[in-house]
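Trainee: Pasting the sequence and the predicted model now:
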Amino acid sequence: MSDEEHRQRHHQRIRWTKALLRFVPRRAVFHRYPLVGRFAAYARSRPFLWSFKAGNLTRAYYAGAILALLPVMGLQLPLALGCAVVLRTNLMVLGGMQFITNPATVWIYGGTWWVGDSIIQATGFGETPVPDDRPIVLAPPGADVSAATESGPEPAAPPPPRWSHRIGRSVNALVLGGIVCGIALGALLDLGTRLLAGRGHLKRRAPMPPAETPRETGADSGDACERRRGPDDLA
């Protein structure tokens with residue numbers, strides 16, 4: 001690849017990056033955002049919030065993807081600012097990823113709920129206990145409890161889960177599914193960025209082929225020597 005082609009591709013990537021940055025919280029317009037705009041001066045004085053170093057991007061991908069898929073719609077940008085400050089990562093990427101979930105893409109939560117519910121069914125992790133509301137019957141004094149147990153009726157089936165249990169399980173499924181899917185999405189973004197950065201680094205460091213120079217033949221070198229001799233050498 002020639003230097004001119006490499007320069008054109010570099011400028012094209014810059015134009016794409018600028019087009020994407022229009023939808024993320026930038027330093028110049030950060031004060032316009034609701035709630036977090038009050039902390040614009042604090043955010044502008046923190047250079048790591050606007051740095052695109054590899055470590056900052058990696059943490060922003062994972063934290064941003066997990067936060068975007070958690071059921072905290074409406075509080076995502078303030079939480080993104082807090083996560084970026086605590087993790088010392090890029091706020092533009094972390095905050096921009098919160099626009100993945102919005103009222104138009106709320107169906108994404110259905111997918112994260114299904115993932116979390118499947119994990120709960122397979123592992124039992126995150127399962128909420130079902131309270132037993134059946135009345136406790138005390139035997140009268142002097143009664144033979146063992147005989148009554150052997151000849152008595154079969155115990156009743158456990159009661160169906162109450163609405164509070166179903167809500168708790170759904171919330172656990174949303175949180176668990178959001179964390180798992182967020183980690184997977186962050187890993188894909190991180191891997192894709194590393195691959196693109198690696199390809200660009202190799203293209204920039206590709207050695208240029210050396211220029212070919214004609215080799216001097218014996219006759220040419222002899223003629224050059226003859227031309228360098230002066231009149232004194234011939235005497």
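Mentor: Sure thing, it's come through.
Trainee: packing partners for the longest helix seen in the chain?
Mentor: Longest helix of the chain, by residue count under DSSP state H: helix 163-204. Here helix 163-204 touches helix 3-21, helix 54-69, helix 108-123, going by 3 or more C-beta pairs under 8 Å, 6 or more residues apart in numbering; DSSP states H and E. From N, CA and C alone the C-beta is placed, and that goes for glycine too.
Trainee: So which elements touch the first one?
Mentor: Contacts defined by 3+ C-beta pairs under 8 Å, 6+ apart place helix 3-21 against helix 163-204.
Trainee: quick check: mean pLDDT across the helix it packs on?
Mentor: For helix 163-204, the mean pLDDT works out to 84.
Trainee: Report the angle between that helix and helix 108-123.
Mentor: Helix 163-204 and helix 108-123 meet at an angle of 110 degrees, taking axes from the mean of the first three to the mean of the last three C-alpha atoms, to 10 degrees as the criterion.
Trainee: what angle separates helix 163-204 from helix 3-21?
Mentor: Angle of helix 163-204 versus helix 3-21, following the same axes, to 10 degrees, is 160 degrees.
Trainee: rewinding a little: single out the most deeply packed of the helices and strands packed on helix 163-204.
Mentor: Highest mean neighbour count of these: helix 54-69, a mean of 22 (counted as mean count of other C-beta atoms under 10 Å).
Trainee: now what about it, what contacts it?
Mentor: Residues from elsewhere that reach helix 54-69 (C-beta atoms under 8 Å, 6 or more residues apart in numbering): 48, 76, 79-80, 83-84, 87-91, 93-98, 100-101, 108-109, 112, 177-179, 181-183, 185-187, 189-190, 193-194, 197.
Trainee: The host helix or strand of residue 43: which residues count as buried?
Mentor: Residue 43 is part of helix 40-44, with elements assigned from DSSP states H and E. Residues of helix 40-44 classed as buried: 40, 43 (neighbour count, 16 or more other C-beta atoms under 10 Å).
Trainee: residues making contact with that helix?
Mentor: With contact meaning C-beta under 8 Å, 6+ apart, helix 40-44 is reached by 27, 30, 31, 36, 49, 81, 91.
Trainee: Quick check: the gap between the residue lying closest to the fourth one once chain neighbours are set aside and residue 46.
Mentor: Beyond its immediate neighbours in the sequence, the residue positioned closest to residue 36 (C-beta to C-beta, 6 or more residues apart in numbering) is residue 81, lying 5.0 Å away. Between residue 81 and residue 46 the distance, using C-beta to C-beta, to the nearest Å, works out to 10 Å.
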